[in-house]
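Visitor: below: sequence and its predicted model.
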Amino acid sequence: MNPLKFSNDRPLDIIAVGRLCIDLNANETNRPMEETSTFTKYVGGSPANIAIGSARLGQKTGFIGKVADDQMGRFITQYLEKNNINTDGVTIDKTGAVTGLAFTEIKSPDECSILMYRDNAADLKLYPSEVSEDYIKQSKALLISGTALAASPSREAVFVALEYAVKHDVTVFFDLDYRPYTWTDEAETAVYYNLAAEKCDVIIGTREEFDMMEKLLNIKESDDHYTASRWFSHRAEIVVIKHGGAGSIAYTKDGGSYRSGIFRTNVLKTFGAGDSYASAFIYGLMTGHDVSEAMKMGSASASIVISRHSCSDAMPTEQELTEHMDTAIYETV
Ligand SMILES: Nc1ncnc2c1ncn2[C@@H]1O[C@H](COP(=O)(O)OP(=O)(O)OP(=O)(O)O)[C@@H](O)[C@H]1O
Ligand SMILES: O=C(O)C[C@@H](O)[C@H](O)C(=O)CO
């Protein structure tokens, strides 16, 4: 079962919108940041990672975002281009804003954290006037990510992108990607997340992210089925709730529910799981697989990425994904 229909006459499969950052991942793992002295630099930021995952899987991918006018900004744009991502929608900041940096601490396979440097971040300076309607209408799908809603003008830019997508029948995927350090007020966060979710066809988030959105409405019990059903009176066709190593569950508007297990792996670090899951899940849906098979593809991609050092550079190709699904052990949960 796959309820999504895509406008197939478009040159791009998917455009991601939002942050383009740098991840600096600890080389010395299994120790705290205080004792880490070297890091490897990768392109990072959830929508960037998802776009890279999509392109590796062979999707024609574009990006709308803003980078700093410096070496880091140029590194990001060049990396996207090397990965066959169209950067026509990527603009360059001229105000002296800088690239967001995420230093990652890998204390143990399940104890990872991120230390963020995001003051005056260029990605949040994307203006609505820099979002092109002509560009969005060339794509079958748009991916938005919640962090871009954290501040103006990027927040308004995302809402403009959503308007264009709805106007031109572009299917909208929303990866909630809630990063508390980017926000100052919980109610403000929940208001904008809820407003954006109303305009999306597919909503993907963790249980904790949906809890954050529901707290504002005084919903105290976490109930996956109820969470999903709230969105079916708006645009949503599919709502996915992720539960880390306990897998994920998807609900469809027609009353269906689908549970996915995980591919057991040698976990190096847990971050990047959500982004790799999203890119392969979206790829699965866009290439005609049913919801359960697409979830399995998402889980397989996540299990590859969490066993590798980076998030972006670790994204599998279509062949790697297929081979992994054929050989790795899938556990139902
Ligand atoms: N320990 C694990 N072993 C195998 N697969 C896992 C593990 N943890 C997560 N996954 C896979 O990754 C998917 C997404 O994980 P999770 O729910 O942690 O997302 P997330 O919190 O968005 O990730 P991130 O840490 O990138 O923000 C899960 O549904 C599962 O398929
Ligand atoms: O920007 C962040 O929040 C960190 C990301 O850059 C990092 O790649 C990640 O956490 C993946 O989900």
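Guide: Thanks, I have the structure now. Ligands and ions are numbered 1, 2, ... in the order given.
Visitor: residue contacts, the residue with the largest distance to the centre of the chain?
Guide: Largest separation from the mean C-alpha position in the chain: residue 35, at 30.1 Å (C-alpha atoms, centre = their mean). Listed by C-beta atoms under 8 Å, 6 or more residues apart in numbering, the contact partners of residue 35 are residue 28. C-beta: built from backbone N, CA, C; applies to glycine.
Visitor: same thing but 10 Å
Guide: By C-beta atoms under 10 Å, 6 or more residues apart in numbering, the contact list for residue 35 reads 26, 28, 105, 107.
Visitor: against ligand 2, how distant is the residue in the chain positioned nearest to ligand 1?
Guide: Ligand 1 sits closest to residue 274 of the chain, with a gap of 2.2 Å, by C-beta to the nearest ligand atom. Distance of residue 274 to ligand 2, computed by C-beta to the nearest ligand atom, to the nearest Å: 6 Å.
Visitor: what pLDDT does the spatially closest residue to that residue that is not a sequence neighbour get?
Guide: Among residues not flanking residue 274 along the chain, residue 242 sits closest, at 6.5 Å (C-beta to C-beta, 6 or more residues apart in numbering). pLDDT, residue 242: 98.
Visitor: tell me what residue 242 is bridged to.
Guide: Judged by DSSP bridges, the bridge partners of residue 242 are residue 206, residue 248.
Visitor: that one: neighbour count?
Guide: Neighbour count for residue 242, taken as other C-beta atoms under 10 Å: 27.
Visitor: test my guess that it contacts residue 227.
Guide: No - Residue 242 is not in contact with residue 227 according to C-beta atoms under 10 Å; the separation is 11.8 Å.
Visitor: got any residues that touch both of those two?
Guide: Common contact partners of residue 242 and residue 227 (C-beta under 10 Å, 6+ apart): 205, 207, 210, 249.
Visitor: residue 182 against residue 146, yeah?
Guide: Yes - counting by C-beta under 10 Å, residue 182 sits close enough to residue 146 to count as a contact (8.9 Å).
Visitor: per-residue confidence for the residue of the stretch 151-300 of the chain found nearest ligand 2?
Guide: Here the stretch 151-300 of the chain gets closest to ligand 2 at one residue, residue 271, 4.1 Å apart by C-beta to the nearest ligand atom. On pLDDT, residue 271 comes in at 92.
Visitor: I'd say it and residue 23 touch.
Guide: Yes - with contact defined as C-beta under 10 Å, residue 271 reaches residue 23; the gap is 8.5 Å.
Visitor: what do the two both touch?
Guide: By C-beta under 10 Å, 6+ apart, the residues touching both residue 271 and residue 23 are 44, 49, 102, 104, 114, 310-311.
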